[in-house]
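Asks: Quick one, what's the 3D model for this:
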Amino acid sequence: MSEKQSRRRLRGLAIAGGVTGGLAVGAALAWGVPRYLARRTRMASTDPYAHEPFELPPQSSVRTVDTRDGVAVHVETAGPDDADLTVVFAHGYMQDMATFYFLRKAIAEADRGGMSMRAVLYDQPGHGRSGALPRTEYGIDDLAEVLHDVLQAVAPVGPLVLVGHSMGGMTIQVYARKYEADFRERVKGVAFLSSSAAGLDTVETKPMRALRRLRRTVLPMLQQVAGWTPDLIDRSRLLAGDLGWLLTRRAAFGHADPPASLVSLVEQMNRRTSIQSIVGYARAILDHDETATLPLFKGLPSLVVVGDVDLLTPPEHSRRLAAALEGSRFALIAEAAHSPQLEYPGEISQLLLEMIDKVVAEIGEGTAASAAPASSGTPSPQSERDGARHRRWSPFSRHHGHRLEP
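Replies: Okay, the predicted model is just below:
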């Protein structure tokens, strides 16, 4: 081999080595930098919930309810089966029942003037530990039927309070329309957290534009390509790890310094939702319009809550919803995004329990007023103590109540 050829060969090896080294450094950075940043952020974050047992919430029973479509729905309850009032929680898109951890705990620990309460929570099909619906696309009507099946199996009798977050609120609206007789007879109060009655297809935020793109691009692939499977996408999402954590911290919270444990909780709920479910619910969310159903809620104690930086269901949607629900209470939570029940659990728990107090008073069992002597217009000392306890209940608060808009 000539000297010229030797130099050329060495130059080629150097270039190849440089390219390989660059790829290796790039891969190391792509893996190492997010890991370093996530670890550093977790360590720096002030976390009042670091020791909350999110994986072991209060529960009295765990069961599976098989729906009419053959979907195995994971259901948990907290409280006595014969409770005077059942509070049913329906979660939203890309989350699961864990989003109600603090509200579930509030129901389990609260004493509402002697009235026993029970919480019922379930994972929507294609979320958490529930099976997927046997179709490419899902509708909110399907979810209303799932709610009906869960109630029939777990809480077939007695008064109800329905609490819906995001898509769960839409589920409650459709349930009221499809099962109007049951709704009128049993539902005594409702709460809508970060929800909407219509118009999400016109929201011009980055998350909603991305959802519309998913509907246009990935959905046809799921419907038309025979044998195509989204498993590869789901595996890659599971590997995202620390990068997914950082993105969740930035996009899913309104507060500048969210607790690391809550970021992990939301990131895990998002990551456990398959791409098929993410795409399969897109049309249902974007096409949802139950404006004509809202008169069915007239006269019910109702609560409407939204974060002021919610990019999925912006505040104007909750304002319109509250305006349509005569007599409802509306709360705008400052520095909160799409899950105010996690960012400000004390405030939201307090608002929910105050709405439940109205339900208890209307049902007429175990209220402080009924405990007072009929001949006296002055509440008894015991009733005053009960009322004060009810008003001040907020054990999870990170702040001091100044986040609420009257």
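Asks: my read: Lys105 touches Leu56, true?
Replies: No - when contacts are counted by C-beta atoms under 8 Å, Lys105 is not listed as touching Leu56 (11.3 Å). Placement of C-beta: from N, CA and C, glycine included.
Asks: The two - which one has more neighbours?
Replies: Neighbours were counted for Lys105 and for Leu56 using other C-beta atoms under 10 Å; Lys105 has more, 20 against 7.
Asks: Name the SS class of Gly168, please.
Replies: Using DSSP: H, G, I helix; E, B strand; the rest coil, the structure places Gly168 in helix.
Asks: count of neighbours near it?
Replies: The burial metric for Gly168, expressed as a neighbour count using other C-beta under 10 Å, is 28.
Asks: mind checking how far the closest residue to it other than its chain neighbours is from Val309?
Replies: The shortest distance from Gly168 to any residue other than its chain neighbours is 3.2 Å, reached at Ala90 (C-beta to C-beta, 6 or more residues apart in numbering). Separation of Ala90 from Val309 (C-beta to C-beta, to the nearest Å): 23 Å.
Asks: Please identify which of these two sits among more neighbours.
Replies: It is Ala90, of Ala90 and Val309, that has more neighbours when counted by other C-beta under 10 Å, with 28 against 16.
Asks: State the distance from the more buried one to Asp47.
Replies: Counting by C-beta to C-beta, the gap between Ala90 and Asp47 amounts to 28 Å.
Asks: Quick check: phi and psi at the nearest residue to Leu265 once chain neighbours are set aside.
Replies: Nearest in space to Leu265, with sequence neighbours left out and distances taken as C-beta to C-beta, 6+ apart, is Phe54 at 5.5 Å. For Phe54, the backbone dihedrals are phi -60, psi -30 (criterion: degrees, to the nearest 10).
Asks: Tell me the confidence at Phe54?
Replies: Phe54 carries a pLDDT value of 95.
Asks: now Val203
Replies: The score at Val203 is 93. That number is its pLDDT.
Asks: just Arg271 next, same as before
Replies: In this prediction, Arg271 carries a pLDDT score of 88.
Asks: Run a quick check on it versus Gly244, I expect a contact.
Replies: Yes - the pair Arg271 and Gly244 qualifies as a contact (C-beta under 8 Å) at a distance of 6.2 Å.
Asks: show me where pLDDT drops low in the stretch 251-400 of the chain?
Replies: Residue ranges of the stretch 251-400 of the chain with pLDDT under 70: 365-400.
Asks: Would you map the strands across it?
Replies: Listed in chain order, the strands of the stretch 251-400 of the chain (DSSP state E, counting those that start in this stretch) span 302-307, 329-333.
Asks: likewise the stretch 101-250 of the chain?
Replies: Listed in chain order (using DSSP E, counting those that start in this stretch), the strands of the stretch 101-250 of the chain are 117-122, 160-165, 187-193.
Asks: With mean neighbour count added, can I get those in CSV?
Replies: CSV is the format used below for the strands of the stretch 101-250 of the chain (neighbours: other C-beta atoms under 10 Å):
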stretch, mean neighbour count
strand 117-122, 26
strand 160-165, 26
strand 187-193, 26
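Asks: out of these, nearest to Ile285?
Replies: Each of these was scored for nearness to Ile285 using C-beta to C-beta, and the closest is strand 160-165 (13.0 Å).
Asks: That closest one packs against which elements?
Replies: For strand 160-165, the contact count by 3 or more C-beta pairs under 8 Å, 6 or more residues apart in numbering; DSSP states H and E identifies strand 85-90, helix 167-178, strand 187-193, helix 345-363 as packing neighbours.
Asks: Quick one: list the elements packing against the second one.
Replies: For helix 167-178, the packing partners by 3+ C-beta pairs under 8 Å, 6+ apart come out as strand 85-90, helix 140-154, strand 160-165, strand 187-193, helix 282-287.
Asks: and if you look at the first one?
Replies: Under the contact criterion of 3+ C-beta pairs under 8 Å, 6+ apart, strand 85-90 touches helix 101-109, strand 117-122, helix 140-154, strand 160-165, helix 167-178, helix 345-363.
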